[in-house]
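Asker: next input, structure requested:
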Amino acid sequence: MQDAPFYLTMAATGLIAITILSISLLHGWREWVAYKRMELREMHHMAQNGDNMGPNATSRIEIADLKERLKKLEAIAAGVEL
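Answerer: Residues are numbered from 1 along each chain as shown. The predicted model follows:
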């Protein structure tokens, strides 16, 4: 029983450390969720106002395909063999 105060102190210190860590992680999680909600609201607002959100990957591929077809048509019109 002589080591009881030591073990109680270590257990209390560990419990306090876990509590502080848990509170910090919970605060960080809530801030991250708030940030993502803000991003979603901004995207929703831009979509409602008709703001251009920039090209996505699909439209970029389609544009590249159209440019390639245009080059082929120009070559055909100029009489160049591909």
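Asker: just the pLDDT at residue 50, thanks.
Answerer: On the pLDDT scale, residue 50 is placed at 70.
Asker: what's the following helix or strand after the helix ranked longest in the chain?
Answerer: For the chain, the helix with the greatest residue count under DSSP state H is helix 4-49. As assigned by DSSP states H and E, the chain's next helix or strand after helix 4-49 is helix 57-78.
Asker: how about that following helix as PDB, C-alpha atoms only?
Answerer: Written as PDB, here are the backbone C-alpha positions of helix 57-78 (Å, rounded to 0.1, in the frame of the first residue of the first chain):
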ATOM      1  CA  ALA A  57     -12.700  16.900 -65.700                       C
ATOM      2  CA  THR A  58     -15.400  15.600 -68.000                       C
ATOM      3  CA  SER A  59     -15.800  18.900 -69.800                       C
ATOM      4  CA  ARG A  60     -12.000  19.300 -70.100                       C
ATOM      5  CA  ILE A  61     -11.800  15.900 -71.800                       C
ATOM      6  CA  GLU A  62     -14.700  16.800 -74.100                       C
ATOM      7  CA  ILE A  63     -12.900  20.100 -75.100                       C
ATOM      8  CA  ALA A  64      -9.700  18.200 -75.800                       C
ATOM      9  CA  ASP A  65     -11.600  15.800 -78.000                       C
ATOM     10  CA  LEU A  66     -13.200  18.600 -79.900                       C
ATOM     11  CA  LYS A  67      -9.900  20.300 -80.500                       C
ATOM     12  CA  GLU A  68      -8.400  17.100 -81.800                       C
ATOM     13  CA  ARG A  69     -11.400  16.600 -84.200                       C
ATOM     14  CA  LEU A  70     -11.100  20.200 -85.300                       C
ATOM     15  CA  LYS A  71      -7.400  19.700 -86.200                       C
ATOM     16  CA  LYS A  72      -8.300  16.500 -88.200                       C
ATOM     17  CA  LEU A  73     -11.000  18.400 -90.100                       C
ATOM     18  CA  GLU A  74      -8.700  21.300 -90.900                       C
ATOM     19  CA  ALA A  75      -6.100  18.800 -92.200                       C
ATOM     20  CA  ILE A  76      -8.700  17.100 -94.400                       C
ATOM     21  CA  ALA A  77      -9.800  20.500 -95.700                       C
ATOM     22  CA  ALA A  78      -6.200  21.500 -96.500                       C
END
